[in-house]
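*Asks:* need coordinates for the below:
(one chain, ligands or ions: 1)
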Amino acid sequence: MKSKINIFWFRRDLRLEDNVGLFHALNGEHPVLAVFIFDTEILDQLPKDDARVNFIHDSLLKMRQKLQDEHGSSLALYHGKPIDIYKQLIQEYRIATVYTNHDYEPYATLRDTEIGEFLESNGITFKTFKDQVIFEKDEIVKKDGHPYVVYTPYMRTWKAGFKHSEFKFYPSEAHLERLLKTKDLPHLSLSDIGFESGSQSVLPYTVNPKLIQDYEATRNFPAKDATSRLGPHLRFGTVSIRKMVEKAIAEKNEIFWQELIWREFFMQILWHFPHTKDQAFKPKYDRIQWRNNEVEFKLWCEGKTGYPLVDAGMRQLNETGFMHNRVRMLVGSFLCKHLLIDWRWGEAYFAQKLHDYEMASNVGNWQWVAGSGVDAAPYFRIFNPTSQIQKFDKNLEYIKKWVPDFQELTYPRPIVDHKMARERCLEVYKSALN
Ligand code: FAD
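*Replies:* Modelled structure (predicted):
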């Protein structure tokens with residue numbers, strides 16, 4: 001009879017250190033088989049040179065190599081629908097428990113329910129843990145038990161609930177000898193899963209004391225490029241959120257810390273209100289008569305609106321998979337308000353292009369921009385794409401970098417007149433909301 005094992009299933013927590021589910025798995029009763037499944041339900045929707053798939057693959061290979069070199073073990077890679085892979089795994093192994101970390105997105109919740117039921121029906125326990133946030137689900141709610149839908153009181157309660165002295169890490173890295181002692185586990189190259197390397201790659205993050213200390217002074221100026229680039233690393237779990245919060249606290253920077261709390265704010269919103277992934281949080285906003293002009297949408301996507309700061313942002317996004325937060329707010333506002341194009345179109349375009357795409361943050365911020373979301377910008381706040389240059393790119397450094405042609409005759413004229421677009425937007429929004 002085969003001996004029993006446990007499984008640890010990596011998903012959006014691609015690291016060996018301070019990984020809660022992995023820590024518990026390694027402290028369980030049986031040796032642990034580490035697995036990752038390239039989920040065809042997700043991959044089938046992505047372009048074949050997607051930098052995020054590349055990044056995931058790379059991160060897995062690094063872990064696999066480390067486990068092989070230093071621990072006489074490995075990481076098993078599979079490709080398919082998770083349920084089919086589990087059907088295969090239960091044939092191959094005698095599994096006692098499958099451990100994994102929570103994933104709060106609507107698709108993931110359904111997938112995990114299905115997998116959990118399947119495992120339980122085969123006598124296998126399914127244990128899941130909080131790992132990618134400090135507070136999840138309904139851990140931070142109002143006194144009456146309802147979720148917060150305004151950020152500031154949420155943030156205050158979050159901070160009040162956070163006891164630094166009780167804060168603990170989960171040193172999974174210290175227990176890796178509990179992994180199954182075999183190096184002979186399924187491997188997959190990028191081409192085995194139908195992908196190839198593209199021209200873009202996910203960049204490393206920077207979270208040093210200087211960046212955090214200067215954050216307040218520099219974070220609003222896109223040319224300074226002085227933000228952490230933590231996005232994709234938090235998204236795929238190549239860093240631990242606990243370690244990042246620890247750093248923010250060590251540098252006593254409230255603003256940087258609060259950005260990390262914005263991330264959790266939007267995660268709990270999506271968890272409480274999963275329908276907001278494609279419906280307005282404030283239902284009245286779904287009455288807006290969007291113009292949805294496809295030609296204008298294409299010009300926006302390509303960075304050819306004739307408004308240099310908008311175009312710089314879109315070109316940065318297209319060329320690198322990143323756009324500075326200030327400029328994200330401007331291009332978003334321009335799309336929804338100047339062009340009256342549905343925020344869902346912009347959200348979908350960002351989802352395709354952003355290396356740090358995160359459903360909760362993307363939907364939350366797009367709805368903020370459109371005015372339809374929780375704690376959103378009031379609808380009559382319409383960024384002026386020209387005066388924003390004065391505020392955030394006075395010396396035109398960011399614009400010159402991404403739109404070098406902006407002073408040439410070939411550079412497009414503005415696709416809409418600001419004053420006209422502003423008035424049109426106010427009229428259309430007003431008639432939908434009244
Ligand atoms: P830093 O400024 O260094 O911040 C550190 C971390 O704090 C970020 O990595 C992120 O995890 C978190 N954070 C900062 N600002 C926000 C915010 N407003 N909302 C939620 N979390 C925040 N962020 C995403 O992670 N994924 C998205 O898909 C996404 N889509 C966005 C769409 C729009 C229209 C807008 C206006 C913002 C969006 N953001 C998104 C938020 C923000 O722009 C990015 O988190 C930030 O620019 C990423 O750069 P950074 O990692 O250098 O951030």
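*Asks:* any chance you could map the strands in the stretch 101-250 of the chain?
*Replies:* Using DSSP state E, counting those that start in this stretch, the strands of the stretch 101-250 of the chain run over 125-129.
*Asks:* and it, which residues reach the ligand?
*Replies:* Along the stretch 101-250 of the chain, the residues adjacent to the ligand under the rule Cβ under 6 Å from any ligand atom are Arg219, Thr227, Ser228, Arg229, Leu230, Gly231, Leu234. Yep, even glycine has a C-beta here, placed from its N, CA and C like the rest.
*Asks:* so what's the fifth one closest to, chain neighbours aside?
*Replies:* Of all residues not flanking Leu230 in the chain, Tyr205 sits nearest, at 4.7 Å (Cβ to Cβ, 6 or more residues apart in numbering).
*Asks:* pull the distance from stretch 89-104 to the chain's centre.
*Replies:* How far stretch 89-104 lies from its chain's middle: 25 Å, per Cα atoms, centre = their mean, to the nearest Å.
*Asks:* and that stretch, C-alpha only, in CSV?
*Replies:* The C-alpha coordinates for stretch 89-104 follow below in CSV (Å, rounded to 0.1, in the frame of the first residue of the first chain):
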residue,chain,number,x,y,z
LEU,A,89,-3.6,13.0,-8.7
ILE,A,90,-6.0,10.9,-6.6
GLN,A,91,-5.2,7.9,-8.8
GLU,A,92,-1.5,8.4,-8.5
TYR,A,93,-1.2,9.2,-4.7
ARG,A,94,-2.8,8.4,-1.4
ILE,A,95,-3.7,11.9,-0.4
ALA,A,96,-4.7,12.8,3.1
THR,A,97,-5.1,16.6,2.9
VAL,A,98,-4.8,19.2,0.3
TYR,A,99,-3.5,22.6,1.6
THR,A,100,-3.8,25.9,-0.2
ASN,A,101,-4.2,29.6,0.4
HIS,A,102,-7.4,31.6,-0.1
ASP,A,103,-8.2,33.2,-3.4
TYR,A,104,-11.1,35.6,-3.3
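*Asks:* check the residue nearest to His71 when sequence neighbours are not counted and give its pLDDT.
*Replies:* Excluding its sequence neighbours, the residue lying closest to His71 (Cβ to Cβ, 6+ apart) is Leu176, at 4.8 Å. Note for Leu176: predicted pLDDT of 98.
*Asks:* what about Leu176, distance to Asp69?
*Replies:* 12 Å (Cβ to Cβ, to the nearest Å).
*Asks:* ok, those two, which is more surrounded?
*Replies:* Between Leu176 and Asp69, counting by other Cβ atoms under 10 Å, Leu176 is the more crowded of the two (19 against 10).
*Asks:* the residue of the stretch 51-200 of the chain found nearest the ligand: neighbouring residues, count only.
*Replies:* Using Cβ to the nearest ligand atom, the closest approach of the stretch 51-200 of the chain to the ligand is made by Tyr151 at 9.4 Å. Counted with other Cβ under 10 Å, residues neighbouring Tyr151 total 19.
*Asks:* my guess is it contacts Trp262. True?
*Replies:* Yes. Between Tyr151 and Trp262 there is a contact under Cβ atoms under 8 Å: 6.7 Å.
*Asks:* tell me how far Lys419 lies from Lys304.
*Replies:* To Lys304, Lys419 is 21 Å away according to Cβ to Cβ.
*Asks:* nearest residue to the residue of the stretch 51-200 of the chain closest to the ligand other than its sequence neighbours?
*Replies:* Nearest non-adjacent residue to Tyr151, counting by Cβ to Cβ, 6+ apart: Asp375, 4.9 Å away.
*Asks:* swap in Arg287?
*Replies:* With Cβ to Cβ, 6+ apart as the criterion, Arg287 has its nearest non-adjacent residue at 4.2 Å, and that residue is Ala432.
*Asks:* the one you found: how many residues sit nearby?
*Replies:* Per other Cβ under 10 Å, the neighbour tally for Ala432 reads 15.
*Asks:* so which strand or helix has it?
*Replies:* Following DSSP states H and E, one finds Ala432 within helix 418-433.
*Asks:* in that helix, what counts as buried?
*Replies:* Of the residues in helix 418-433, His418, Ala421, Arg422, Arg424, Cys425, Val428, Tyr429 count as buried by neighbour count, 16 or more other Cβ atoms under 10 Å.
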